[in-house]
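Participant: Have a look at this prediction, sequence included:
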Amino acid sequence: MITIEPVDLVRGPEVSDLFSRYRFRGVVHTAQAHQHARTRAESRANYDMAFNCLEAAQASGVDRFILVSSLIVYAGLGAPLSEDKRFPVQVTVEDRSDGFFTMPGADGDRLLTVPTFEVALKRALETIALDYATPMQMGLSAEGRDGQKPTEKPLDVAVLRISTEFGPGYTQMGSPLSRAVHTVAGKGDLMTGTGYMGIPLLDLWNLIAMSPLTYVRDTANALVRIMQTETLPRRIYNLSSGFTTSPREQLQALNRVRPEAGELLKIDPDALREEPYPTYGFGSDLLAKDTAWSPEYSFEAALEDYIGWLQQHPY
């Protein structure tokens, strides 16, 4: 049986109380408050939640803490988008005045935009979490209390950088692919209007496909592998299911899985990009090597599973 506890992670005492009542072996931190933020101040909850959970995890002797991060930490950087990429301070400043970073596109184009504050947030949270993996030394001017010692046992921290998630539980309805699957599953015609950032759906599909897909069940299995692997030789891993990054191939796969999809979606395949986007070095090779993880779903199997889920659940 799984116990669900309502807790406001922004409130430190509530988090401490939760950890005092259970013996958690590990923590997977996925909570976020930034995607609906209208100001930077509204995003502060992300930092409070992370600090509270990290402090409670360390104080209670949690075996491993996993921070779920994002592909967008690589925004503004060139390929390869690999785990050993380092972020110079200057990368937070780009020659743009609209508050967006751009991800590298095919043939050197700069296509997919993400808000700069989200990039800065994700990088900052990674830095904070990974700092807990080192011994805490007091500030140079700090006066220690009697008998106070630095933290003797650092927290075992890992960071999992995920790409575009799709699958059961998706509620934002900004992704064209997920809206297409919902439509085929009988949730109504969701292929009109706009998606993320007010972009027309087919135009958005052609853009967003450059971010590799990860099926949510593959993500869950990857988190289990990271948590259960006794010793991790590194602290940062990328995650992708390795599905096609061609929007047209994604649509054609949906048509193969459900032949009625063509009539329901009314999308001309020629309106979608045929050539797959390159991965720019973003992949799960290191994760597979260190934890023996591998994706359990082909793209068509993921579509079948997702449609089946939606026929029994609202999202």
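Facilitator: Cool, the structure landed. Numbering: from 1, shown residues only.
Participant: Buried residues, stretch 234-250. List them.
Facilitator: Within stretch 234-250, the residues that qualify as buried are 236-250, counting by 16 or more other C-beta atoms under 10 Å. All C-beta spots, glycine's among them, are computed from the backbone N, C-alpha and C.
Participant: Distance from it to the middle of the chain?
Facilitator: Counting by C-alpha atoms, centre = their mean, to the nearest Å, stretch 234-250 is centred 12 Å from the centre of its parent chain.
Participant: What about the residue lying closest to Thr164 once chain neighbours are set aside, how many residues nearby?
Facilitator: Leaving out its chain neighbours, the residue that sits closest to Thr164 by C-beta to C-beta, 6 or more residues apart in numbering is Ser211, at 4.3 Å. Residues near Ser211, counting by other C-beta atoms under 10 Å, number 20.
Participant: Ser211 reaches Ser163, doesn't it?
Facilitator: Yes: contact criterion C-beta atoms under 8 Å: Ser211 and Ser163 qualify, at 5.2 Å.
Participant: Return every residue with contacts to both of those two.
Facilitator: Listed as contacting both Ser211 and Ser163 by C-beta atoms under 8 Å, 6 or more residues apart in numbering are Leu71.
Participant: pLDDT score for the residue nearest to Ala79 when sequence neighbours are not counted?
Facilitator: Sequence neighbours aside, Tyr280 is the residue nearest to Ala79 in space, at 4.0 Å (criterion: C-beta to C-beta, 6+ apart). Reported pLDDT at Tyr280 in the predicted model: 83.
Participant: With Glu94 instead?
Facilitator: pLDDT for Glu94: 55.
Participant: quick one: low-confidence parts of the protein?
Facilitator: Counting by pLDDT under 70, the chain shows low-confidence ranges at 34, 89-113, 144, 146-152.
Participant: all helices for it, in order.
Facilitator: Applying DSSP state H to the chain gives helices spanning 12-21, 44-59, 116-131, 176-184, 201-208, 216-228, 247-257, 261-265, 285-291, 299-310.
Participant: out of the ones you listed, deepest packed?
Facilitator: Ranked by mean neighbour count, the helices of the chain are led by helix 176-184 with a mean of 24 (mean count of other C-beta atoms under 10 Å).
Participant: name the helices or strands packed onto that helix?
Facilitator: Other helices and strands packing on helix 176-184, by 3 or more C-beta pairs under 8 Å, 6 or more residues apart in numbering; DSSP states H and E, are strand 164-166, helix 201-208, helix 247-257, helix 261-265, helix 299-310.
Participant: Can you list the strands that the first one pairs with?
Facilitator: Spelled out, that is strand 164-166. Applying DSSP bridges to the sheet, strand 164-166 is found paired with strand 213-215 (parallel).
Participant: what residues does the strand it pairs with touch?
Facilitator: 162-167, 177, 239-241, 243, 245, 295, 297, 299, 302, 305-306.
Participant: what do you get for stretch 40-58?
Facilitator: Stretch 40-58 is contacted from outside by 9-12, 15-16, 18-19, 24, 27, 29, 31-34, 36-37, 65, 67, 117, 121, 124-125, 128-129, 132, 151, 155, using C-beta under 8 Å, 6+ apart.
Participant: how about a cut-off of 7 Å?
Facilitator: The contact list for stretch 40-58 (C-beta atoms under 7 Å, 6 or more residues apart in numbering) reads 9-10, 12, 15-16, 19, 27, 29, 31-34, 37, 65, 117, 121, 125, 128-129, 132, 155.
Participant: same question, stretch 232-251
Facilitator: 83, 130, 133, 157-163, 177, 205-206, 209-210, 212-215, 218-219, 222, 226, 267, 269, 272-277, 282-284, 286-287, 290, 295, 297, 299.
Participant: Is the residue nearest to Thr164 in contact with Phe166, as I believe?
Facilitator: No: contact criterion C-beta atoms under 7 Å: Ser211 and Phe166 do not qualify, at 10.6 Å.
Participant: Could you report the neighbour count for the nearest residue to Asn221 once chain neighbours are set aside?
Facilitator: Closest residue in space to Asn221, ignoring its immediate chain neighbours: Glu296 at 6.2 Å, by C-beta to C-beta, 6+ apart. Residues lying near Glu296 (other C-beta under 10 Å) number 14.
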